[in-house]
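Trainee: Build the 3D model from these lines:
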Amino acid sequence: MGMSPSSFDTLVPVGADETLDSWGKGTVRIIQKKNGYRFSLDALILADFIRLKDRSRILDLGTGSGILALILAGIYPHSRIMALELAPEFIDLARRNSILNQYQDRISLIRGDLCQLPGFIKKGAFDAVVSNPPYRPLHHGRINPNPQKAMARHEIRATLPRLLEGVAHALKVGGKWFVIYPAWRLVSLLTLARQHRLEPKKIQLVHSFPDKEAEWVLMEAVYQGREELKVLSPITIYQESGVYGSQLLRILQKAPPERPRS
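Mentor: Residues are numbered from 1 along each chain as shown. The predicted model follows:
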């Protein structure tokens, strides 16, 4: 007989500098630092964008507290997820979160640098790679004094070219890469993806408000795929100031997680 969620709560410590939060009407529970990096809407929007077959081998590059891995474990119950993270404090958070959600048998945590991915991951080992990477070049914007936030937002270690090298190494031929990235860097994203034989298949722009320019772009690319790009209808986060649009409400209220669509 399995243990109840409340039983797991007593086994998973939550520090005085941490919070215990939930998403999807409690289907995902997550421990986060009060003042460190905390997941935001971009992670939830990316998770909703991902479409995979069940029984996939998934690599989550830079898992942080594990939010993407947790959501995907719920949506694809027969898949196996490897969650890669360099920072030891995030590895500890992701480990506790996988136990809290009872996914420790399907989420494997590995501490490592994605810049050295070929050293510890076999080429072509994964059906899919997902990533919500640092997106600001070091010369662009003020670097946050909080080390967790700085590494999550600025390319302190993981530049876009190095990320793409890792993605191309990890994916099998025909494997899919899903990413969310700033819209102003879309040209670099598309150009470098094709240089690494990652063919863009779907892109979707994300706007804060209907009358504002896009802030983010979601992309699905296929390793060694053929040219055929679909530009999906955009996502709008806010209908008006302080009021989420219908697309965001659907994402935020989704529970239990949807099963994969063909």
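Trainee: could you give the mean pLDDT of the longest strand anywhere in the chain?
Mentor: Ranked by residue count, the top strand of the chain under DSSP state E comes out as strand 171-182. Per-region confidence: strand 171-182 scores 97 on mean pLDDT.
Trainee: Same question for stretch 90-100.
Mentor: Mean pLDDT, computed over stretch 90-100, is 95.
Trainee: And stretch 21-41, by the same measure?
Mentor: 86.
Trainee: For that stretch, which residues meet the burial criterion?
Mentor: 23-24, 27-33, 36-39, 41 (16 or more other Cβ atoms under 10 Å). Where you see a C-beta, it was placed from the backbone N, CA and C, and this is true even at glycine.
Trainee: would you list every one of the strands in this protein?
Mentor: 18-23, 28-33, 57-61, 80-85, 107-111, 126-131, 171-182, 198-207, 214-223, 230-231, 235-236, 238-240, 243-244.
Trainee: if we can go back for a sec, buried set for the longest strand of the chain?
Mentor: 171, 175, 176, 177, 178, 179, 180, 181, 182.
Trainee: can you list the residues you listed in CSV and add distance to residue 72?
Mentor: Output for these, formatted as CSV (distance: Cβ to Cβ, whole Å):
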residue, distance to residue 72
171, 16
175, 15
176, 13
177, 14
178, 10
179, 14
180, 14
181, 19
182, 23
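Trainee: Tell me which two of those residues sit farthest apart.
Mentor: 175 and 182 (24.2 Å; Cβ to Cβ).
Trainee: Need the strands of the chain in CSV (columns: distance to residue 91).
Mentor: Shown next, in CSV, are the strands of the chain (distance: least, Cβ to Cβ, whole Å):
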stretch, distance to residue 91
strand 18-23, 15
strand 28-33, 13
strand 57-61, 12
strand 80-85, 5
strand 107-111, 5
strand 126-131, 17
strand 171-182, 22
strand 198-207, 27
strand 214-223, 27
strand 230-231, 36
strand 235-236, 31
strand 238-240, 34
strand 243-244, 32
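Trainee: and of those, who's closest to residue 190?
Mentor: In terms of Cβ to Cβ, the element of those nearest to residue 190 is strand 198-207, at 5.7 Å.
Trainee: who touches that closest one?
Mentor: Contacts with strand 198-207, where a contact means Cβ atoms under 8 Å, 6 or more residues apart in numbering, come from 45, 49, 164, 167-168, 171, 176-177, 180, 183, 186, 190, 193-194, 213-237.
Trainee: circling back to that earlier point, check the buried residues of strand 171-182 against residue 18 and report the nearest one.
Mentor: residue 180 (25.1 Å).
Trainee: quick one, what contacts the closest residue to the closest one other than its chain neighbours?
Mentor: Closest residue to residue 180 apart from its sequence neighbours, by Cβ to Cβ, 6 or more residues apart in numbering: residue 46 at 4.3 Å. The neighbourhood of residue 46, defined by Cβ under 8 Å, 6+ apart, consists of 68, 130, 132, 178, 179, 180, 218.
Trainee: In CSV, list those residues along with distance to residue 105.
Mentor: What follows is the contacts of residue 46, written out as CSV (distance: Cβ to Cβ, whole Å):
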residue, distance to residue 105
68, 18
130, 20
132, 24
178, 24
179, 27
180, 28
218, 30
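Trainee: Let me know the closest of the residues you listed to residue 57.
Mentor: Distances from residue 57 to these, taken by Cβ to Cβ, are shortest for residue 130, at 11.9 Å.
Trainee: how much space between the closest residue to that closest one other than its chain neighbours and residue 26?
Mentor: Spatially, and ignoring its direct neighbours in sequence, residue 130 is nearest to residue 178 (4.8 Å; Cβ to Cβ, 6+ apart). Relative to residue 26, residue 178 is positioned 25 Å away (Cβ to Cβ, to the nearest Å).
Trainee: The residue nearest to residue 130 bridge partners, please.
Mentor: residue 130, residue 220 (DSSP bridges).
Trainee: Pretty sure it sits against residue 222.
Mentor: No: here residue 178 lies out of contact with residue 222, judged by Cβ atoms under 8 Å, at a distance of 10.7 Å.
Trainee: Thank you, goodbye.
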